[in-house]
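Novice: Next one to model:
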Amino acid sequence: MANPPVYQIAFQFLFNQNFDNQKVLIDIQDSNSFLMNDNYTAQLAAYASNSTPPLLNFSLSGKQLYFNIDQGLIREGMQAVVWSSFSAGAQPSLQLNAQFQGGLITASYSVQGTGTSGVLAYGANTIKVG
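Specialist: Numbers count the residues shown, from 1 in each chain. Take a look at the predicted model:
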């Protein structure tokens, strides 16, 4: 059986208002996983701002991306760049469950080098490449 394709994904989170102590969780719901080794490293950075909002913690495992933002200010944001496998098929896909406070945070994704991008909704999401 062939290995599933691997893509780099940037998840962007923009803050629509000031807040304290908010959690963001993305769970992979299918057979795919986030990849973490010397060839596939993750990074967390500021998005659409000059500084990274204070974090309480950040973690990435095979099935889960999680971070807890201590404080966010309107028009700031975070970007998590990770690698993931995508189920092989006619149109490779990744099924996610996203948990964050909608309205307060607007979430989106872009699959690097493919032109695939979109909005992440609270709850179930499917990212298809191709």
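Novice: for this structure, what are the low-confidence residue spans?
Specialist: Applying pLDDT under 70 to the chain flags residues 1.
Novice: mind listing the strands for this protein?
Specialist: 6-15, 19-28, 34-35, 43-46, 55-60, 64-72, 77-85, 93-99, 105-111, 116-120, 123-128 (DSSP state E).
Novice: In JSON lines, list those strands along with mean neighbour count.
Specialist: Every residue, glycine included, has its C-beta placed from N, CA and C. JSON lines is the format used below for those (neighbours: other Cβ atoms under 10 Å):
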{"stretch": "strand 6-15", "mean neighbour count": "20"}
{"stretch": "strand 19-28", "mean neighbour count": "16"}
{"stretch": "strand 34-35", "mean neighbour count": "20"}
{"stretch": "strand 43-46", "mean neighbour count": "13"}
{"stretch": "strand 55-60", "mean neighbour count": "13"}
{"stretch": "strand 64-72", "mean neighbour count": "18"}
{"stretch": "strand 77-85", "mean neighbour count": "21"}
{"stretch": "strand 93-99", "mean neighbour count": "18"}
{"stretch": "strand 105-111", "mean neighbour count": "19"}
{"stretch": "strand 116-120", "mean neighbour count": "15"}
{"stretch": "strand 123-128", "mean neighbour count": "14"}
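Novice: what pairs with the closest residue to residue 122 other than its chain neighbours across the strands?
Specialist: In this structure, residue 122 finds its nearest non-sequential neighbour in residue 102, 4.7 Å apart by Cβ to Cβ, 6 or more residues apart in numbering. Residue 102 has these beta-bridge partners by DSSP bridges: residue 105.
Novice: Skip the chain neighbours and tell me the closest residue to residue 99.
Specialist: residue 25 (4.1 Å).
Novice: Contacts only, for that neighbour.
Specialist: Residue 25 makes contact with 64-66, 98-100, according to Cβ atoms under 8 Å, 6 or more residues apart in numbering.
Novice: nearest to residue 125, of those?
Specialist: Within the contacts of residue 25, the smallest distance to residue 125 is 5.7 Å, found for residue 98 (Cβ to Cβ).
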